[in-house]
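Participant: Got a sequence here, can you model it:
(chains A and B)
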Amino acid sequence: MNYNWDWGVFFKSTGVGQEIYLDWFVSGLGWTIAVALVAWIIALILGAVLGVMRTVPNRLVAGIATAYVELFRNVPLLVQLFIWYFLVPDYLPEGLQTWFKQDLSPATSAYVSVVVCLGLFTAARVCEQVRTGIQALPRGQAYAGLAVGFNLVQVYRHVLLPQAFRIIIPPLTSEFLNVFKNSSVASLIGLMELLAQTRQTAEFSANIFEAFTLATLIYFVLNMSLMVFMGWVERRVRVPGLMVGGK
Amino acid sequence: MSAMISIQNVNKWYGDFQVLTDCSTQVAKGEVVVVCGPSGSGKSTLIKCVNALEPFQKGEIIVDGISVGAPKTNLPKLRARVGMVFQHFELFPHLTITDNLTIAQTKVLGRSKEEAMEKGLMYLDRVGLKAHAHKHPGQLSGGQQQRVAIARALAMDPVAMLFDEPTSALDPEMINEVLDVMTELAQEGMTMMCVTHEMGFARRVAHRVIFMDKGHIVEDCDKESFFGSPRSERAQQFLSKILQH
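Facilitator: Below is the predicted model of the structure:
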């Protein structure tokens, strides 16, 4: 292959203001993190609630959560994003609609759409993990919680969830990484996150290989750091004498 | 004499399958009643009905004057007054022994941390495990865990204690340490209903023995007549099988 690698490109001027290409990557990384973290918080809270709902002894409540999971898990993420960005705003109440379409900057409205979309999408997946975690516990644990006088909320709060979350840390870690990777769909509605900035760099500078190599590296380092962080969390909450997580 | 636990014509079905049929008995205050019978006879189910861990469809159970099956009954409040010990201990594995002993006292009874701690440690000391207060359940042996579970139940100042096969999951050498605690408790006048296969315990400690088979209470009499001359053929068979060795 006759390609002249030029790693210096990132320090060259973009021709837009004073910016060099590296600035674009930094700004893109910032958006990626901002999208993923907020979406993850939504997913974790909503997913925990839904996961609990799927295990309570009430058919209607469990049914609602099941329907949610089936809906959000069986429609492609990209389709969901387009629905949230192009369709849903048209059906909002008038005040909210004007706010979303006119008051917000294009970047912000894209940001809101993608965070909501990714948060709700991932919540369905977190829900399933929380449900499995709860169901993996011996039935006797819920009995014991009830027997000491806890109401159902206290049984979940003090007995079931602390154990379930410890069990599901490894699959939750994968989901956490997925949020970061999935956040790249935001580039398709014009949010200048990491992937969008990479493509723009490739087009402006014609150094397509360098641009995507750097993007790969950034995603890789980012996700490795998250894995290390989650590993630390797992060790932090490990219960002495309990088998969870091996030795 | 007032009954602490009164069970009247209790029937329970799982779908079409009837697990309990017209079960009636009483446990007086301070009385120790052992429930025995072959596996699948419904004894564990019956004892779980007493604190409403299992619902029943017909009949009535009254614990300390409160009807368990009545829709208006505050079940958490009722359960907090009835201690229960399980076959598999069911300590909360993510909490230290101390937290296991105090969490229900503070969250359910509203006691202060200090008061709960004092009470919890007092009972932990009574079951001989004060030195293990800071550990987690997974770091204790089965027998130790079961003693902690008994202490956890006692710390709630229960009016009665239910034991659901408390020694069945234990290694043989650990059974006695648990039975000793239970014997001591019985001698102090605690009202106890124990599902167990420990016939030696029943002989020494129980006032009455209930024998169940296929969801029926087949025999319900004082222990002397149960061990001396059980009336039903089924109970005779059962006794001859488990007392042989």
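Participant: three-state assignment of residue B:170?
Facilitator: Under DSSP: H, G, I helix; E, B strand; the rest coil, the three-state class of residue B:170 is coil.
Participant: Hmm, it is touching residue B:146, no?
Facilitator: Yes: between residue B:170 and residue B:146 a contact is recorded at 6.7 Å, counting by CB atoms under 8 Å. Heads up, the C-betas are built off the backbone N, CA and C, glycines and all.
Participant: Look up phi and psi at residue A:237.
Facilitator: phi -100, psi 0 (degrees, to the nearest 10).
Participant: re the thing from before, pick out whichever of residue B:170 and residue B:146 has more residues nearby.
Facilitator: residue B:146 (30 against 21; other CB atoms under 10 Å in any protein chain shown).
Participant: Indicate whether the helix or strand where that one lies makes contact with chain A.
Facilitator: Following DSSP states H and E, one finds residue B:146 within helix B:142-154. Yes: using CB under 8 Å from any CB of the partner chain, helix B:142-154 comes into contact with chain A via B:152-153.
Participant: and for residue B:170 and residue B:146, which residues touch both?
Facilitator: Residues touching both residue B:170 and residue B:146 by CB atoms under 8 Å, 6 or more residues apart in numbering or on different chains: residue B:178.
Participant: On the C-terminal side of the helix or strand hosting residue B:218, identify the next helix or strand.
Facilitator: Following DSSP H and E, one finds residue B:218 within strand B:216-222. With elements assigned by DSSP H and E, the helix or strand that comes after strand B:216-222 is helix B:223-228.
Participant: okay, residue A:101: pLDDT?
Facilitator: In this model, residue A:101 is scored at 87, pLDDT.
Participant: tell me the SS of the residue nearest to it when sequence neighbours are not counted?
Facilitator: Using CB to CB, 6 or more residues apart in numbering or on different chains and skipping the chain neighbours, the partner closest in space to residue A:101 is residue A:89 (6.1 Å). Secondary structure for residue A:89, judged by three-state DSSP, is helix.
Participant: Surely residue A:89 is in contact with residue A:100?
Facilitator: Yes: with contacts counted by CB under 8 Å, residue A:89 reaches residue A:100, the gap being 5.0 Å.
Participant: Identify the contacts common to these two.
Facilitator: Taking CB under 8 Å, 6+ apart as the contact rule, residue A:89 and residue A:100 both touch residue A:109.
Participant: which stretches of the chain aren't confidently modelled?
Facilitator: In the absence of a named chain, chain A is used. In the predicted model, chain A carries pLDDT under 70 at residues A:243-247.
Participant: You answered for a different chain; I wanted chain B.
Facilitator: Across chain B, the ranges flagged by pLDDT under 70 are B:1, B:244-245.
Participant: what does it have sitting close to chain A?
Facilitator: Within chain B, the positions near chain A by CB under 8 Å from any CB are B:48, B:51, B:53, B:75-77, B:79-84, B:86-88, B:90-94, B:103-104, B:107-109, B:135-140, B:152-153, B:156.
Participant: gap between the residue nearest to residue A:101 and residue A:99?
Facilitator: For residue A:89, the distance to residue A:99 (CB to CB, to the nearest Å) stands at 10 Å.
Participant: quick one: residue A:52 from residue A:155, how far?
Facilitator: According to CB to CB, residue A:52 and residue A:155 sit 10 Å apart.
Participant: my bad, should have said residue A:9
Facilitator: Remark: distance between residue A:9 and residue A:155 (CB to CB) = 59 Å.
Participant: do the same with residue A:81
Facilitator: According to CB to CB, residue A:81 and residue A:155 sit 37 Å apart.
Participant: Could you pull up the residues touching residue A:203?
Facilitator: Applying CB under 8 Å, 6+ apart, no residues contact residue A:203.
Participant: Can you say which helix or strand has it in it?
Facilitator: With DSSP H and E as the criterion, residue A:203 is inside helix A:194-205.
Participant: go on, residue A:31?
Facilitator: Residue A:31 is part of helix A:21-55, with elements assigned from DSSP H and E.
Participant: how far is whichever helix or strand comes after that helix from where the chain is centred?
Facilitator: Using DSSP H and E, the next helix or strand after helix A:21-55 towards the C-terminus is helix A:59-73. How far helix A:59-73 lies from its chain's middle: 20 Å, per CA atoms, centre = their mean, to the nearest Å.
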